[in-house]
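Participant: Sequence plus the predicted model coming up.
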Amino acid sequence: MGNKPSRRYQPKGDESTVFISKKNDVYRIPALFYDRDRKILMAFAEKRKTSDDASSVAIVMKTGIFKEDETTHKVTVKWSELKLLKEAHLHRHRPMSPCPLYEKTSKTLFLFFMCVEGTITEQCQIRHNCNKARLCYITSKDGGQSWSKVTDLTCKFDEIKSWATFAVGPGHGIQTDGGRLIVPVYAYASCCCSCCHCCLCCGSCRPTPNALYLYSDDKGKTWQFVHKLQTESLECEMAEFFDEGGNSKIYCNARSKGGNRVEAILHNDRAGLIPLLPTVKLVETGGGCQGSVVSFPVQSEAAGVDDDQNQNPNKWLLFTHPSNRSKRTDLGVYLNKFPSDPNAWSKPWIINSGPSAYSDLAYTGDGWFACLMERGKHSEIEQIACKVFSYNDVKQGIGK
């Protein structure tokens, strides 16, 4: 069921290819960050030998600068040359799942990612209840021109010792208005002890995945995990909004294994992520696909009036995900003006007709957004493209 998509409106924003795949060079798993200080977009992706998850060899990036045509007012993005992030690496491990987030006080960009031993697959780790993934990050203070050495956090967490495997994001993390840094995570809790050789005794045990997040309240000096979402859930992203009393809430949107998306809200750290009632508004695609969510300031409905600077503390949500229930196609943009209500989602505005898969959103201010997305003519992994559009485009696209 769900909502019937709208296709009749074409925006004035730009649509451009950022990473294009070819033989022995496949780009997948987009992540996007907008640097408000430098007014640049930063696009990240995995570089792989093939489409196989186990063939990842590096994390790459490009930076983009906005340009607006004075006559047509069309917004375009000029992208830099590709840069290989050699710092995002551990010996004998492959880097995966880029997840950028920004600490605004110290002006530090964190790029989280996992490093997985050799070519061991996620399914192999799950089957043997034996984690081979490591939690890592690098940082930059100059807009990605230079990066720190890699930091490996894995051994600092007892939780990871009890997981069959895990992953960050993929896609962006956030910093709340109160300063908390949040990195989206999903983990398969092991039903065996933490020693890998003991896992052989539990062949009948099958770990299940749950969404959660890693957070820091001291600008990234120390980190800890929030309690996991009890509903089975996979790749996820988070967004902050505020209730009527002005209290901060964390919204979670997570991949499921089919049917509908998993949505949850964190009211406080002790309770953890509490699932919202399932809704048919956000369908899941086939066996599941990653999606992206951002919150943004309440916008004025008056034509041509931007409400970014108003006194309304609340925020709305924007979500991107393939809109087809059976296959990865027709990437849709969904709007929700009441974040705590899963039935408040709009019908999707299709921003890419045809094969579409993973995506990542960024709010760039003044009612404008950028979406980095996997797409293609015959396959969704042919390229990673960026589409720029405004809130007015979204309104027109969904028919409101």
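Facilitator: Now that the structure is in, tell me what you want to look at.
Participant: got the contact list for the residue positioned nearest the centre of the chain?
Facilitator: Centroid-nearest residue in the chain: residue 171, 2.6 Å away (criterion: Cα atoms, centre = their mean). With contacts defined as Cβ atoms under 8 Å, 6 or more residues apart in numbering, the neighbours of residue 171 are 30-32, 99, 184, 235, 237, 290, 292, 358-360. Any C-beta I mention is one placed from the backbone N, CA and C, and that applies to glycine too.
Participant: Can you give the distance from stretch 373-385 to the centre of its chain?
Facilitator: Mean-position distance between stretch 373-385 and its chain equals 17 Å (Cα atoms, centre = their mean, to the nearest Å).
Participant: Also stretch 364-372?
Facilitator: Relative to the chain's own centre, stretch 364-372 is displaced by 15 Å; criterion: Cα atoms, centre = their mean.
Participant: Where do the strands of the stretch 101-250 of the chain begin and end?
Facilitator: Secondary structure of the stretch 101-250 of the chain (DSSP state E, counting those that start in this stretch): strands at 108-117, 133-140, 151-152, 163-168, 174-175, 181-189, 209-216, 224-225, 236-242, 248-254.
Participant: Out of the contacts of residue 171, list just those in strands.
Facilitator: Judged by DSSP state E, strands contain the following of the contacts of residue 171: 30-32, 99, 184, 237, 292, 358-360.
Participant: which one among the residues you listed gets closest to residue 266?
Facilitator: Checking the ones in strands among the contacts of residue 171 against residue 266 with Cβ to Cβ, the nearest one is residue 184 at 11.9 Å.
Participant: what number of residues lie near the closest residue to that closest one other than its chain neighbours?
Facilitator: Counting by Cβ to Cβ, 6 or more residues apart in numbering, residue 236 is the residue found nearest to residue 184 once chain neighbours are left out, at 4.8 Å. Residues lying near residue 236 (other Cβ atoms under 10 Å) number 30.
Participant: gap between residue 236 and residue 289?
Facilitator: Distance, residue 236 to residue 289, by Cβ to Cβ, to the nearest Å: 12 Å.
Participant: Quickly list what's touching both of those two.
Facilitator: Common neighbours of residue 236 and residue 289, counting by Cβ under 8 Å, 6+ apart, are residue 255.
Participant: Can you name the residues that contact the residue nearest to residue 184?
Facilitator: Residue 236 makes contact with 169, 184-186, 211, 213, 252-255, 262, according to Cβ under 8 Å, 6+ apart.
Participant: next one: phi and psi at residue 317?
Facilitator: With angles defined as degrees, to the nearest 10, residue 317 sits at phi -120, psi 140.
Participant: pretty sure residue 361 is touching residue 293, no?
Facilitator: Yes. Residue 361 lies in contact with residue 293 (Cβ atoms under 8 Å); the separation is 6.9 Å.
Participant: more neighbours, these two?
Facilitator: Taking other Cβ under 10 Å, residue 361 and residue 293 do not tie; residue 293 has more neighbours (29 against 24).
Participant: rewinding a little: need the buried ones from the contacts of residue 171 selected in PyMOL.
Facilitator: Only the buried entries of these go into this PyMOL selection, using 16 or more other Cβ atoms under 10 Å:
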select buried, resi 30+31+32+99+184+235+237+290+292+358+359+360
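Participant: I'd like the contacts of residue 171 laid out as a markdown table, including distance to residue 395 and pLDDT.
Facilitator: A markdown table is the format used below for the contacts of residue 171 (distance: Cβ to Cβ, whole Å; pLDDT from 0 to 100):
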| residue | distance to residue 395 | pLDDT |
| --- | --- | --- |
| 30 | 25 | 98 |
| 31 | 27 | 98 |
| 32 | 22 | 98 |
| 99 | 30 | 98 |
| 184 | 28 | 98 |
| 235 | 28 | 98 |
| 237 | 23 | 98 |
| 290 | 26 | 98 |
| 292 | 19 | 98 |
| 358 | 25 | 98 |
| 359 | 20 | 98 |
| 360 | 22 | 98 |
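Participant: Just name the closest of the contacts of residue 171 to residue 45, please.
Facilitator: residue 30 (5.4 Å).
Participant: how about the nearest residue to the closest one, chain neighbours excluded?
Facilitator: Closest residue to residue 30 apart from its sequence neighbours, by Cβ to Cβ, 6+ apart: residue 372 at 4.0 Å.
Participant: Check which helices and strands the helix or strand encompassing residue 295 sits against.
Facilitator: Assessed by DSSP states H and E, residue 295 sits inside strand 292-297. Applying 3 or more Cβ pairs under 8 Å, 6 or more residues apart in numbering; DSSP states H and E, one finds that strand 292-297 makes contact with strand 236-242, strand 248-254, strand 315-322, strand 349-365, strand 368-375.
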